[in-house]
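>>> Here is a sequence together with a model predicted from it:
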Amino acid sequence: MMRSEADACTSPDDEHHYCCVECLTSAPTLYRRYTTHASVKLTRCPGCGLDVDPYVEREAMLIAFDIILHRIAAYRHVLFNRNPFADFCPAASIGRSFKFALGLSILDAYIKFEALRFRLYSGVDPATSKHGDDGDDGDPFMFVHLLAWSFLEQMALLIGTILAVLPLLGNNFDVTSAKSHIADLPTRGYIISRISLAIMLPSTFKAVTIFVHIWENSPTTRALGSVFVASMQWMGVHCCMERVMKWIVDAQRSPRENGLLERILSLIPGCPLIGGFILRLFIPFMVGLLLNVPILMRQCSGVH
């Protein structure tokens, strides 16, 4: 559940930057709690006059449905207002991202592994099958190879997206909030953590793809699952960059001409993800050439 006005950060390193899910106006709290635990009043947004976050009172399943329907207010709720995602501790951010990426890589590697087994047993690609006729799966370490490949793809996507955003963050945000002349301005670490979450959290939808494989194990199923995950990642990065641009506008004491990157982000907030996809394609391609692993290169995102 969200924190009320009486709840304090457990550490001075924690950052909480709640916002209105309709207009992105910053808010110190999401609700006020009165005498009883059930007596809660949602905070009104000073910008648009609506409730800051009506998703606070909704069940997680309803929020998940809205995310699947690509409702931007639901993405803003999860990325900025919902615990434990709203909590951020710089000391633990790298470790959490690494563990999260590893867990998602296991899901992705399993999808690719099943795709490979399907091709070997069905004889679609007999050139890659060593013992397809006698029921052997070929290389016993194939799943480990696919896991490493999936992790490489995941990190390349994450690093590429962050690198595309860093020029904007370096000019407008400090490393620590103590250096900022505006108290509500977040640190670069906080913004990078939101972008990381926007990229990795939608990848959990691959678990649904695994269940769909029970009825339909085909390249089309895997391709549709990958496209849907990419669309949710685009929505997440879109929300992050929209709020970054609002922070920049609010922090400007005097109007100034925006740079090229700022103008592009104003028109297409989700475009940093394109840089991530390019790096995700480039790095595995180069590693595949260096290590001579063509069988893994053909398993990228389960699309054949």
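Looks like it came in fine. Numbers count the residues shown, from 1 in each chain.
>>> for the chain, which spans come out with low pLDDT?
1-16, 35-38, 84-94, 122-140, 170-185, 252-262, 293-304 (pLDDT under 70).
>>> for it, what spans make up the strands?
For the chain, the strands defined by DSSP state E occupy 31-33, 40-42.
>>> Please produce a markdown table containing those, extended by distance to P186.
All C-beta spots, glycine's among them, are computed from the backbone N, C-alpha and C. As requested, those are exported to a markdown table (distance: least, Cβ to Cβ, whole Å):
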| stretch | distance to P186 |
| --- | --- |
| strand 31-33 | 22 |
| strand 40-42 | 23 |
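>>> Among those, single out whichever gets nearest to L197.
With Cβ to Cβ, the closest approach to L197 among the strands of the chain belongs to strand 31-33: 22.3 Å.
>>> Quickly run through the sheet partners of that closest one, with directions.
Neighbouring strands of strand 31-33 in its sheet, by DSSP bridges, are strand 40-42 (antiparallel).
>>> buried stuff in the partner strand?
V40, L42 (16 or more other Cβ atoms under 10 Å).
>>> that older thread, of the strands of the chain, which is nearest I162?
Within the strands of the chain, the stretch nearest I162 is strand 31-33; the backing value is 32.4 Å (Cβ to Cβ).
>>> Of all the residues in the closest one, which ones are buried?
Using 16+ other Cβ under 10 Å as the test for burial, strand 31-33 gives Y31, R33.
>>> where's it relative to the chain centroid, distance-wise?
Relative to the mean C-alpha coordinate of its chain, strand 31-33 is positioned 29 Å out (Cα atoms, centre = their mean, to the nearest Å).
>>> that older thread, so for Y55, which of the strands of the chain sits nearest?
strand 40-42 (10.2 Å).
>>> before we move on, back to that, any idea which of the strands of the chain gets closest to F151?
Taking Cβ to Cβ as the criterion, F151 comes closest to strand 31-33 out of those, the separation being 39.0 Å.
>>> if I read this right, L163 contacts I274, doesn't it?
No: with contact defined as Cβ atoms under 8 Å, L163 and I274 do not form a contacting pair (11.8 Å).
>>> what about the helices in the chain?
In the chain, helices defined by DSSP state H lie at 60-68, 72-76, 90-122, 142-172, 188-200, 206-212, 219-251, 260-267, 272-291, 294-297, listed in chain order.
>>> Format those as a markdown table; extra columns: distance to L30 and mean neighbour count.
Shown next, in a markdown table, are these (distance: least, Cβ to Cβ, whole Å; neighbours: other Cβ atoms under 10 Å):
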| stretch | distance to L30 | mean neighbour count |
| --- | --- | --- |
| helix 60-68 | 14 | 14 |
| helix 72-76 | 12 | 21 |
| helix 90-122 | 22 | 17 |
| helix 142-172 | 26 | 19 |
| helix 188-200 | 17 | 23 |
| helix 206-212 | 29 | 15 |
| helix 219-251 | 16 | 19 |
| helix 260-267 | 27 | 14 |
| helix 272-291 | 28 | 17 |
| helix 294-297 | 45 | 16 |
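>>> In a markdown table: these, plus distance to K41.
Shown next, in a markdown table, are those (distance: least, Cβ to Cβ, whole Å):
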| stretch | distance to K41 |
| --- | --- |
| helix 60-68 | 20 |
| helix 72-76 | 20 |
| helix 90-122 | 32 |
| helix 142-172 | 35 |
| helix 188-200 | 27 |
| helix 206-212 | 36 |
| helix 219-251 | 25 |
| helix 260-267 | 35 |
| helix 272-291 | 37 |
| helix 294-297 | 55 |
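>>> Out of those, which gets nearest to S39?
Each of the helices of the chain was checked against S39 via Cβ to Cβ, and the shortest separation belongs to helix 60-68, namely 22.1 Å.
>>> picking that back up, please identify which of the helices of the chain is closest to V21.
Each of these has some distance to V21 by Cβ to Cβ; the shortest is helix 72-76, at 4.1 Å.
>>> of all the helices of the chain, which lies closest to E22?
Taking Cβ to Cβ as the measure, these were each checked against E22, and helix 72-76 came out nearest at 6.5 Å.
>>> Much appreciated, bye for now.
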